[in-house]
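Visitor: Here is the input, now give the coordinates:
(chains A and B)
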Amino acid sequence: MSLAKRIIPCLDVDNGRVVKGVQFVNIRDAGNPVEVAKRYDEQGADEITFLDITATAHNRSTMVHMVEEVASQVFIPLTVGGGIRTVEDVRTMLNAGADKIAINSAAIFNPAFVQEACDTFGSQCIVVAIDAKKVSAEGETNRWEIFTHGGRKETGIDAVEWAKKMESLGAGEILLTSMDRDGTKIGFDLELTRTIADSIQIPVIASGGVGELEHLCQGILEGHAEAVLAASIFHFGQHTVQEAKQAMQAKGIEVRL
Amino acid sequence: MDQKLVAVIDYGMGNLRSVAKAAEHVAPANTRIIVTHNPDEIESADAIIFPGQGAAKACMSALLETGMIHPIQQAAQEKPFLGICMGLQVLMSHSTENEGISCLDVIQGDVQHFELNAHPNLKVPHMGWNQIQQTQEHALWHNIPQNSRFYFVHSYYVTPNNQNIIAGTTTHGTTFASVLSQDNLFAIQAHPEKSADHGLQLFQNFLQWNGQ
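Guide: Prediction:
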């Protein structure tokens, strides 16, 4: 008996609609966030993450409304990210019904913001999202750095040191995405995941690269992640969350079924 | 038809709306759920839900500022009362969080941090779905199977002086009291408002409970 490892479907949101075309079998209008969230809840998702991919001021109010709608009908934890820059942004999303807030580039431009958010609202609701890319050459000791702008801009910040710093500022969790693997469907960067998970006490969510159920198991067993996040594998009806959990359980991983 | 008034106590700490929404989702037709920081409304309510998130010190300061300490202590003695997460921890006498702080002292005992020295690989916060072993029969466990999973997120846990009031335990490195029950009071470390069907069932049970 212990804590279950979590599966977290991730949804990209643009102007209040889920994009990237989520398609459940026999369900139409799959861009409705409430419908999509309900469906994942029924499948046994442990949490749901919404990322506002445009994050403009105009979109912000639409996003708040969307979170309110989902939170009034789906009773599992909701994480919201994308363009969160101020304590006021965090407060607005929490009041709308979000449980956790993912902070990404604002943490890099202003690390004190992470501390301020944690001091104000508690570590439990602050997730720092890290987009990391391998920068060491073949044969060198592994080294990863933080990138912004979807992996296009380097910052020169070491990913492991950054994760430790975010923990010390009070972050409750790290959402770790490998920019080398994102969208490739060849599996997580397990070395990156394990190196960071073993360096900090707070939980790590592995992200980037899931193409089959086995990858989810690897993220837990070999990457030492507490949770695994995936998008397309679930969105296109390739697998349900339930199937993913059964696959994990078959490997001896504790899950909520 | 008599109306039942349920007050969700608002002292500016966290997920009140989620708690109210989850309770509303399963509330019988004659139940009205309000979110309030008005001591008069707390006094006139038939049942109380006391949520909370964040740090103990910030919670206690917020309770002090809103003049809520006495009304809560009073309500916790006399009507159906559901404490959730920080709303469990601040009911205790004392917390070691923030270099030590006195709490509401409704339940005698302490709040302490997960022991990292004894369990070096333990992830803290304790975040995610863990099982609650029901150690007592209780009306609020109705239709909730033994060892059901609830959603937790916390770094501290309660240690009541009186072991007999423990109604549920959970294991994360150590086995700790995740649910306390004392007369009209039931308090849970997990978040029923985020625990899917079992959490909703717990709210439904609470809304039908007369506190005995």
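
Visitor: Mind pulling up the pLDDT for the residue of chain B found nearest chain A?
Guide: Closest residue of chain B to chain A, CB to the nearest CB: B:Gly54 (3.6 Å). To be clear about C-beta, it is placed using only N, CA and C from the backbone, and glycine gets the same treatment. Reading off the confidence values, B:Gly54 has pLDDT 79.

Visitor: Can you get me a residue count around it?
Guide: 21 (other CB atoms under 10 Å in any protein chain shown).

Visitor: Assess the claim that it and A:Asp119 are in contact.
Guide: No - counting by CB atoms under 8 Å, B:Gly54 stays clear of A:Asp119, with 9.2 Å between them.

Visitor: Tell me the buried residues in the lowest-mean-pLDDT helix or strand in chain B?
Guide: Lowest by mean pLDDT, DSSP states H and E among the helices and strands of chain B is helix B:56-65, with a mean of 88. Using 16 or more other CB atoms under 10 Å in any protein chain shown as the test for burial, helix B:56-65 gives B:56-60, B:62-63.

Visitor: Same list, those residues, but as CSV with distance to chain A please.
Guide: Putting those into CSV (distance: CB to the nearest CB, whole Å) gives the following:
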residue, distance to chain A
B:Ala56, 10
B:Lys57, 10
B:Ala58, 8
B:Cys59, 9
B:Met60, 14
B:Ala62, 12
B:Leu63, 16
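
Visitor: Quick check: bridge partners of A:Phe147?
Guide: Counting by DSSP bridges, A:Phe147 is bridged to A:Glu154.

Visitor: meant to ask about B:Trp129
Guide: Beta bridges link B:Trp129 to B:Tyr151 when assigned by DSSP bridges.

Visitor: And for A:Val204?
Guide: A:Ile174.

Visitor: contacting residues for residue 86?
Guide: Just so you know, I chose chain A. Counting by CB atoms under 8 Å, 6 or more residues apart in numbering or on different chains, A:Thr86 touches A:Phe113.

Visitor: actually chain B
Guide: B:Met86 is in contact with B:13-14, B:51-54, B:56, B:59, counting by CB under 8 Å, 6+ apart.

Visitor: Just flag the most distant two among those.
Guide: The distance between the two most remote of the contacts of B:Met86 (CB to CB) is 14.2 Å, for B:Pro51 and B:Ala56.

Visitor: burial count for B:Glu43?
Guide: B:Glu43: 13 surrounding residues under other CB under 10 Å.

Visitor: Okay, strands next: where are they in the stretch 51-200 of chain A?
Guide: All strands of the stretch 51-200 of chain A, identified by DSSP state E, counting those that start in this stretch, fall at A:78-81, A:100-103, A:126-134, A:144-148, A:153-158, A:173-178.

Visitor: residues making contact with the last one?
Guide: The reference is to strand A:173-178. Strand A:173-178 has contacts (CB under 8 Å, 6+ apart) with A:49, A:79, A:81, A:100, A:102, A:126-133, A:163, A:166-167, A:188-189, A:192-193, A:196, A:200, A:202-209, A:225, A:229, B:125, B:127.

Visitor: what about 6 Å?
Guide: A:102, A:127-131, A:163, A:189, A:192, A:196, A:202-205, A:207-208 (CB atoms under 6 Å, 6 or more residues apart in numbering or on different chains).

Visitor: Out of the residues you listed, which end up buried?
Guide: With burial judged by 16+ other CB under 10 Å, the buried subset of these is A:102, A:127-131, A:163, A:189, A:192, A:196, A:202-205, A:207-208.

Visitor: Closest one of these to chain B?
Guide: Of those, the one sitting nearest to chain B (CB to the nearest CB) turns out to be A:Pro203, at 4.8 Å.

Visitor: quick one on the thing from earlier: next secondary structure after the least confident helix or strand of chain B?
Guide: Where DSSP states H and E defines the elements, the next helix or strand beyond helix B:56-65 is helix B:69-78.

Visitor: Can you give me the buried ones in that next one?
Guide: By neighbour count with 16+ other CB under 10 Å, helix B:69-78 contains the buried residues B:69, B:71-72, B:75-76.

Visitor: I'd like to know how many residues surround the closest residue in space to B:Asp183 that isn't next to it in sequence.
Guide: Spatial nearest neighbour of B:Asp183, excluding adjacent residues (CB to CB, 6 or more residues apart in numbering or on different chains): B:Gly211 at 7.4 Å. Neighbours of B:Gly211 under the rule other CB under 10 Å: 15.

Visitor: which SS class is B:Gly211?
Guide: coil (DSSP: H, G, I helix; E, B strand; the rest coil).

Visitor: how close does it get to B:His138?
Guide: 12 Å (CB to CB, to the nearest Å).

Visitor: what's the neighbour count on B:Asp2?
Guide: By other CB under 10 Å, neighbour count at B:Asp2 equals 5.
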